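[1] just coords:
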């Protein structure tokens, strides 16, 4: 039996996720550009995938696996602050998302 309400809810979440991801990707790339950070093609692909996953977690409430904060001790304050800004724009993601996102920014800074 096909439950139309469940199908509609799932489709609505997919659409919400895609819309949110698109909006956030625009913001992320503008933020990076404003700070002179230009990810290469591979970094763009990885960052885009990560932001889409963040949008999915934002819409569905799916949690991240546990993350060890000490793994991010060597991330620069600039990269961490940029990542926190992005996470804050989502409005409902935990700080651990910023830790993971900051790695993308830190790596892309090395392209200069």
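    Good, I have the coordinates. Remember, predicted model here, so these are calculated numbers, not experimental data. Numbering: from 1, shown residues only.
[2] tell me the secondary structure for the nearest residue to residue 103 once chain neighbours are set aside?
    If you skip the residues right next to it in sequence, residue 103 has residue 75 as its closest partner in space, 6.8 Å away by C-beta to C-beta, 6 or more residues apart in numbering. Backbone N, C-alpha and C define where each C-beta goes, glycine included. Under DSSP: H, G, I helix; E, B strand; the rest coil, residue 75 falls in the coil class.
[3] can you give me the buried ones in the helix or strand of the chain with the lowest mean pLDDT?
    Lowest by mean pLDDT, DSSP states H and E among the helices and strands of the chain is helix 4-34, with a mean of 90. Residues of helix 4-34 classed as buried by neighbour count (16 or more other C-beta atoms under 10 Å): 17, 20-21, 24-25, 28-29, 31-32.
[4] for the residue nearest to residue 103, give me the pLDDT.
    pLDDT recorded at residue 75 is 97.
[5] give the contact list for it.
    99, 102-103, 106 (C-beta atoms under 8 Å, 6 or more residues apart in numbering).
[6] TSV for the residues you listed, including neighbour count and secondary structure?
    Shown next, in TSV, are the contacts of residue 75 (neighbours: other C-beta atoms under 10 Å; DSSP: H, G, I helix; E, B strand; the rest coil):
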residue	neighbour count	secondary structure
99	20	helix
102	23	helix
103	19	helix
106	19	helix
